[in-house]
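Mind looking at a prediction? Sequence and model below.
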Amino acid sequence: MTRLEPPQMAERLAQDIPDGSYVNLGIGMPVMVANYVPEGREVIYHSENGILGVGPTPEPGTEDPDLINAAKQYVTLINGGCYFDTADSFAMMRGGHLDIAVLGGFQVSADGNLANWATDNEKYPPAVGGAMDLSVGAKTVYVLMRHTTKDGQPKILDACTYPLTGTRVVSRIYTDLAVIEITPEGPRVIELFGDNSFDDVQAVTGTRLLAPQT
Amino acid sequence: MIDKRIASMREAIAGIKSGDAVMIGGFGSSGIPFELIEALRLHGADNLTVISNNAGSHEIGIATLLRDRLVSKVVCSYPRSQGSIWFERMFEEGAIELELMPQGTFAERMRAAGAGLGGFFTPTGYGTKLADGKETREIDGVGYVLEYPLKAEFALIKAHKGDKWGNLAYNTAGRNFNPVMAMAAETTVAEVEHIVELGELDPESVATPGIFVDRIVAQEGLV
């Protein structure tokens, strides 16, 4: 089986970010997408703490202690970028103003439900942040996640077993094996990586997939 | 004469009582009123409800209020972060109550309190366990959750510059929750790096109008 590594997964998803998009990249693997958007496309990155136009990591010694992203890493502001408060920032998110949100995922269901904020471990304090607002508010939600858990359990399922982040919110799932689109008929494989066959991918998926349309 | 300037951090937080709810601005380490938090730690009030996006990390800021057992409840969206050892320890011990909500709901509840609204319907969280027990309504085919205003006795906020009327301007992304908290609390205390003369702030750069601010204090280099 062909299994993409996270940078390659991010690179594949980045091809589908159109010129002129307003985009929010979630914490973890999704932030890597910014490194791979093809040259010549103008993309404006939003950060939930109040930034439009997030730029690259600052040179050492030039960090602004207040200028951080959602993952609390130092960032910069591009020319044309701006700042605003959290209420306005979440109005952008909830109000349908962002074109694309790229989120990590624990589980996605066949009908596009997303679980990415809590597991079933009661001892571990839950934290939700902006995940629910983004999942419900962005025009398009792409999930970037491995196809299975570390111990090989499927993450794409008939129904999520972890607490939901949002219902019927996911448009596409980019995994290390394939790209899957959530359609009204069900999840459809639209791209298989390397020499992966449809049957290979179906075998590690917890719900029935639709074959690529030829 | 309107002069909201206070001479010291200690005096700036006067009046906070045990059992009060205190909003604390900031996101991660950005826009946090570290000196007011240190004054609060030394102030003596306990059994506090802290309303802040995060629950502190390492041995600074809100984490020191938790470590010194001054906080009985945290209201936030993201209590867990790198180094949030004191929150995690107290959560595991069952020594702290957590009220968790989506970050946009958190900000909007404070905005609603400051804006005189009785509540609002948000699509965020609908159909999830964070909406359990809450009133819901379908509007134009979309499910919404009713959320109520979030108020506090005090807000401790941080800005870059301010004047004696309480007008505030922020540094880059240090704005975050500070403006909505300024609106939502009965008494708002602003820690600033510089107090400037009236008229020095470009009126277009004032992100928090002074009407929302009760006290303003310049940093003393305490932390």
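Cool, the structure landed. Residues are numbered from 1 along each chain as shown, chains lettered A, B, ... in the order given.

any idea how far B:R175 lies from chain A?
5 Å (CB to the nearest CB, to the nearest Å). (Each C-beta comes from the backbone N, C-alpha and C, glycine too.)

mind checking how far that residue is from A:M93?
Distance, B:R175 to A:M93, by CB to CB, to the nearest Å: 16 Å.

now A:G137
The value you get for A:G137 to A:M93, if CB to CB is used, is 5 Å.

Find residues that contact each of the two.
The contact sets of A:G137 and A:M93 overlap at A:A101, B:G104 (CB atoms under 8 Å, 6 or more residues apart in numbering or on different chains).

ok so, going back, out of B:R175 and A:M93, which sits in the busier spot?
For the pair B:R175 and A:M93, the greater number of neighbours falls to B:R175 (32 against 26), based on other CB atoms under 10 Å in any protein chain shown.

what's the burial count for the residue nearest to that one when sequence neighbours are not counted?
Leaving aside its chain neighbours, B:R175 sits nearest to A:D85 (5.0 Å; criterion: CB to CB, 6 or more residues apart in numbering or on different chains). Counted with other CB under 10 Å, residues neighbouring A:D85 total 25.

list the contacts for A:D85?
A:D85 touches A:G50, B:A107, B:R175, B:N176, B:F177, B:N178, B:P179, B:V180, B:A207, counting by CB under 8 Å, 6+ apart.

And what about the spatially closest residue to A:A71 that is not a sequence neighbour, helix, strand or coil?
Nearest-residue entry for A:A71: A:I27, 4.5 Å, with adjacent residues in sequence omitted and distances by CB to CB, 6+ apart. Here A:I27 is recorded as coil under DSSP: H, G, I helix; E, B strand; the rest coil.

how near is the residue of chain A positioned farthest from its centre to A:Y74?
Most distant from the centre of chain A: A:G61, at 30.8 Å, with distances by CA atoms, centre = their mean. Distance from A:G61 to A:Y74, counting by CB to CB: 11 Å.

Equivalent analysis for A:E39, please.
As judged by CB to CB, A:E39 and A:Y74 stand 24 Å apart.

Quick check: residues of chain A near chain B?
Neighbours of chain B within chain A, by CB under 8 Å from any CB of the partner chain: A:47-51, A:64-68, A:72, A:77, A:83-87, A:89-90, A:93-94, A:123-133, A:136-137, A:163-167.

Just the buried ones among those residues, please.
With burial judged by 16 or more other CB atoms under 10 Å in any protein chain shown, the buried subset of these is A:47-51, A:64, A:66-68, A:72, A:77, A:83-87, A:89-90, A:93-94, A:125-133, A:136-137, A:163-167.

Please enumerate the helices of chain B.
B:9-12, B:34-43, B:62-67, B:85-93, B:103-115, B:178-184 (DSSP state H).

Now the weakest link among the ones you listed, please, by mean pLDDT.
Lowest mean pLDDT within the helices of chain B: helix B:85-93, a mean of 94.

Pull out the buried residues from it.
In helix B:85-93, counting by 16+ other CB under 10 Å, buried: B:W86, B:F87, B:E88, B:M90, B:F91.

Check which helices and strands it sits against.
helix B:62-67 (3 or more CB pairs under 8 Å, 6 or more residues apart in numbering or on different chains; DSSP states H and E).

Would you mark the buried spots in the helix it packs on?
B:I62, B:A63, B:T64, B:L65, B:L66, B:R67.

Tell me, please, where in chain B the pLDDT is lower than the cut-off.
Within chain B, no range satisfies pLDDT under 70.

For beta bridges, what are the partners of A:A178?
Counting by DSSP bridges, A:A178 is bridged to A:L192.

Next up, the contacts around it.
Contacts of A:A178 (CB under 8 Å, 6+ apart): A:H147, A:V189, A:E191, A:L192, A:F193, A:N196, A:V201.

how about the closest residue to the third one other than its chain neighbours, what does it touch?
Going back to what we said before, that points to A:E191. Of all residues not flanking A:E191 in the chain, A:V179 sits nearest, at 4.0 Å (CB to CB, 6+ apart). Listed by CB under 8 Å, 6+ apart, the contact set of A:V179 reads A:R12, A:R172, A:I173, A:V189, A:I190, A:E191.

Okay then, goodbye and thanks.
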